[in-house]
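> could you work out the structure for the sequence below:
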Amino acid sequence: MPVHQAALSVRTAGAGLHEITSSIEREVAHSGISAGVVTVFCQHTSCSLVIMENADPSARQDLEAWLNRLVPEEDSHFVHTAEGPDDMPSHIKMALTRTSEQVPFAAGRLLLGTWQGVYLWEHRRASHLRHVVVTVMG
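Sure, this is the predicted structure:
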């Protein structure tokens, strides 16, 4: 089974959903593999990956707002606070979401639904350089 692996660097501007679909598509095309599955893995504990609607930004805004209500900053029960008030909430948000996603592809194209995109979800307020491993197998 042929395998192609690459590392992506994603510069975030702070908290929010940052679409990485086109970067993944480029790696699938670069692999030369026509059909299979691509795994995307985030190497961090304060951001995550999610497949989400990419047509209407309000869907992403609602998702972010809901998770922020579920895991608010300044929770007096948090012990891990050395890196600031958004640190422990970012770890919990990552644990509640995903660190990897798998997407099938055929004819060199991701088989995402019409309105789906792959997003790196930055949970910290500050900008970060995030690293994502893309593994294409077919």
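> how many other residues sit next to the nearest residue to Ala106 once chain neighbours are set aside?
Ranked by CB to CB, 6 or more residues apart in numbering and with sequence neighbours excluded, the top spatial neighbour of Ala106 is Ala35, at 4.6 Å. Quick note: C-beta positions are derived from backbone N, CA and C, even for glycine. As a burial measure, Ala35 scores 12 neighbours (other CB atoms under 10 Å).
> Ala35: what's it in contact with?
By CB atoms under 8 Å, 6 or more residues apart in numbering, the contact list for Ala35 reads Phe105, Ala106, Ala107, Gly138.
> which pLDDT value belongs to it?
pLDDT for Ala35: 97.
> now Ala29
Predicted confidence (pLDDT) for Ala29: 97.
> is it true that it touches Leu110?
No: the criterion here is CB atoms under 8 Å, and Ala29 misses it with Leu110 at 10.2 Å.
> what about these two, which has more around it?
Between Ala29 and Leu110, counted using other CB under 10 Å, the more crowded position is Leu110 (17 against 13).
> any idea how far Asn54 is from that one?
According to CB to CB, to the nearest Å, Leu110 and Asn54 sit 12 Å apart.
> which residues are in contact with each of these two?
Here Leu110 and Asn54 share the contacting residues Thr21, scored by CB under 8 Å, 6+ apart.
> just the mean pLDDT for stretch 120-130, thanks.
In this model, stretch 120-130 has a mean pLDDT of 98.
> ugh, typo on my part, it should be stretch 42-49
The average pLDDT within stretch 42-49 is 98.
> now do the buried residues in it.
Within stretch 42-49, the residues that count as buried by 16 or more other CB atoms under 10 Å are Cys42, His44, Ser46, Cys47, Ser48, Leu49.
> over to stretch 31-40?
Within stretch 31-40, the residues that qualify as buried are Ser31, Ile33, Gly36, Val38, Val40, counting by 16+ other CB under 10 Å.
> quick one: which of the residues you listed is nearest to Lys93?
Set against Lys93, the nearest of these by CB to CB is Val40 (17.8 Å).
> no further questions, thank you.
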